[in-house]
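J.: just coords:
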DNA sequence: CTGAAAGCGCTTACAG
DNA sequence: CTGAAAGCGCTTACAG
């Protein structure tokens, strides 16, 4: 590959001048500029980003560590992150933690070694020493979706409180009283919060959330299946299963189908996170939709602000309930909105 | 961040010795080794991968340009690629082309600038000059899923020929005669091949594939919806719609639902690519499943072989038909296999 | 406006 | 076994 020296030779100038032209430095003669540009074109020269990064100590790259690429929620998040970053002149490198703290650390280490300018993370756990060190050492960082309390890092996430209350209200009105939840890992904020909020909402209706109705999942499909089976084996099985994310809802559907149970006739189902498929499942699944694209974009802006020395603010956006048929006939006062489909920008 | 000089000072040796220890060079005294290792530990030193890459001209990084991150097929492909690469000591940087040739070029350029060791691509088009140049210039490259004829690059993909024949056989047996297809872009191999194979299979049954029954999609949901609406508006609408990928099948479901049509009662539906949700849609969708994980892993092995100067072979794996209920009652001779769920490794 | 020089953080022949 | 030195491809004060 042609290097800056080749271009300099071809154009009859020094490497410094080539560099200045390429970086739009003002003090370059028009003549030098055209000769350099011509040389660049004939050689098909592209600056070596590795060398440039070493010299400038900037990579114009953001690291994004997501919990699970197979989760459409994170996949959509990743897409919006990359889109916004690209618009602002940054690339993004994605690391998939697959809900495993060890893999998360692997990717954080890798990203740090590559000297990314900033880190966007949705922690799979309570924060490894490695991640905490990075935060304290001043690596620009932003938490998205999930976060770690007590760390001075902006958090961009959605607040499902109102939506969960709406959900419980909806379930209560349909006559359901025994409500169970498939929770995410207690080490994650979303794992804890969704249970807490659910419990709170139940209490407001005078309902209890017994331990047996809190199943421990890990946000992946297999655990949703396992927990649901356990619920069904209970002497007094729940009337409703609320999955704390879409993949565990998928697992729940697997379990229900395997037992030949009908939704919502035999048991009701609802999920946190809305995905396009929920419109077409049998029955369509009532879900809590997050403004995923907005979260991704806001997280990128906050991170880049931090990188450039500006404040970089936290942001919490509301989630909203989307009622479909998986919990019983929708009340006539809350018609199900039409399906949302994302399109090209 | 601590540099190699800091470690050298701390350990009382030269930077060269630190480097040798870190790279497992044989000629280092045991004493020097322990002192260096201790210094590394106390300083929390991590080598700067950027500097190392500049010097060694290797990044131990693979670029993966996929057509669409929102497509679960590619998401699963990306996951298996990263997994295999990691096992072999490589990182992967993913670029999402979003089915747009311009974005694809953007990512290829970015990846090349970063001096990735090799490129894995599933082209969204017939091959831009940029991509062709890279291939000819000797950038180690492997095509996965889609490919570009006439370029000397290994291809790892699946062959859907037998599965499409099985599908048409299945449809024919169920009495369907007017079969339509939602095709992918003609500029892609999979876009063309799936139509060709489908047409061939129809011919074997004495059936025709009229132009009106070939809808032009782009592998994304929106186009599946649009094409399906057009099919339904035909004076003589098809009895079956075969979507050439899972997202266009999703779009087709949107369109059918919007018109209040029942599947398979009013119209049958089948898709190329199987996704976990197809088990739970109303009705479960008959689909052609690819050995996605195997493709991703094989592609990585082929690419790394090329990088390391070994041959790096092409591979074609068969896809298989998974019969569900979306085309009518399955014949008793081909029972629907149980749902497949991927799990952690 | 321009070039020579230094330096980013590593690795690796080359001497010793 | 070890260190000094060169060099990977850039950028950027510093002189002129």
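T.: Sure thing, it's come through. Owing to the predicted nature of the structure, the values given are computational and were not obtained by experimental measurement.
J.: Name the SS class of the closest residue to residue A:100 other than its chain neighbours, please.
T.: Leaving out its chain neighbours, the residue that sits closest to residue A:100 by C-beta to C-beta, 6 or more residues apart in numbering or on different chains is residue A:124, at 6.6 Å. Bear in mind the C-beta positions are built from the backbone N, C-alpha and C, glycine included. Using DSSP: H, G, I helix; E, B strand; the rest coil, the structure places residue A:124 in coil.
J.: cool, and residue A:132?
T.: Going by three-state DSSP: residue A:132 is helix.
J.: circling back to that earlier point, hang on, the residue nearest to residue A:100 packs against residue A:188?
T.: Yes - the pair residue A:124 / residue A:188 is scored as a contact, 6.6 Å apart, by C-beta atoms under 8 Å.
J.: Find the residues that touch each one of those two.
T.: Both residue A:124 and residue A:188 are in contact with residue A:146, where contact means C-beta atoms under 8 Å, 6 or more residues apart in numbering or on different chains.
J.: what about those two, which has more around it?
T.: Remark: of residue A:124 and residue A:188, residue A:124 carries more neighbours, 28 against 25, as counted by other C-beta atoms under 10 Å in any protein chain shown.
J.: show me the residues around that one that make contact.
T.: Counting by C-beta under 8 Å, 6+ apart, residue A:124 makes contact with A:67, A:97, A:99, A:100, A:101, A:104, A:146, A:185, A:187, A:188.
J.: Show the backbone phi and psi for it.
T.: Recorded main-chain torsions at residue A:124 are phi -90, psi -10, according to degrees, to the nearest 10.
J.: Distance to residue B:174 and pLDDT for the contacts of residue A:124 - can I get that in JSON lines?
T.: Shown next, in JSON lines, are the contacts of residue A:124 (distance: C-beta to C-beta, whole Å; pLDDT from 0 to 100):
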{"residue": "A:67", "distance to residue B:174": "42", "pLDDT": "92"}
{"residue": "A:97", "distance to residue B:174": "44", "pLDDT": "95"}
{"residue": "A:99", "distance to residue B:174": "41", "pLDDT": "91"}
{"residue": "A:100", "distance to residue B:174": "44", "pLDDT": "94"}
{"residue": "A:101", "distance to residue B:174": "49", "pLDDT": "94"}
{"residue": "A:104", "distance to residue B:174": "48", "pLDDT": "96"}
{"residue": "A:146", "distance to residue B:174": "47", "pLDDT": "96"}
{"residue": "A:185", "distance to residue B:174": "45", "pLDDT": "96"}
{"residue": "A:187", "distance to residue B:174": "50", "pLDDT": "94"}
{"residue": "A:188", "distance to residue B:174": "47", "pLDDT": "95"}
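J.: Pull the most distant pair out of those.
T.: A:100 and A:146 (14.2 Å; C-beta to C-beta).
J.: The two: which has the busier surroundings?
T.: Shown here are residue A:100 and residue A:146; by other C-beta under 10 Å, residue A:146 has more neighbours (24 against 16).
J.: by contact count, what packs against the helix or strand of chain A with the lowest mean pLDDT?
T.: Sorting the helices and strands of chain A by mean pLDDT, DSSP states H and E puts helix A:129-136 at the bottom, at a mean of 92. If contacts are counted by 3 or more C-beta pairs under 8 Å, 6 or more residues apart in numbering or on different chains; DSSP states H and E, helix A:129-136 sits against helix A:101-113.
J.: cutoff 10 Å now
T.: Other helices and strands packing on helix A:129-136, by 3 or more C-beta pairs under 10 Å, 6 or more residues apart in numbering or on different chains; DSSP states H and E, are helix A:101-113, strand A:118-121, strand A:141-144.
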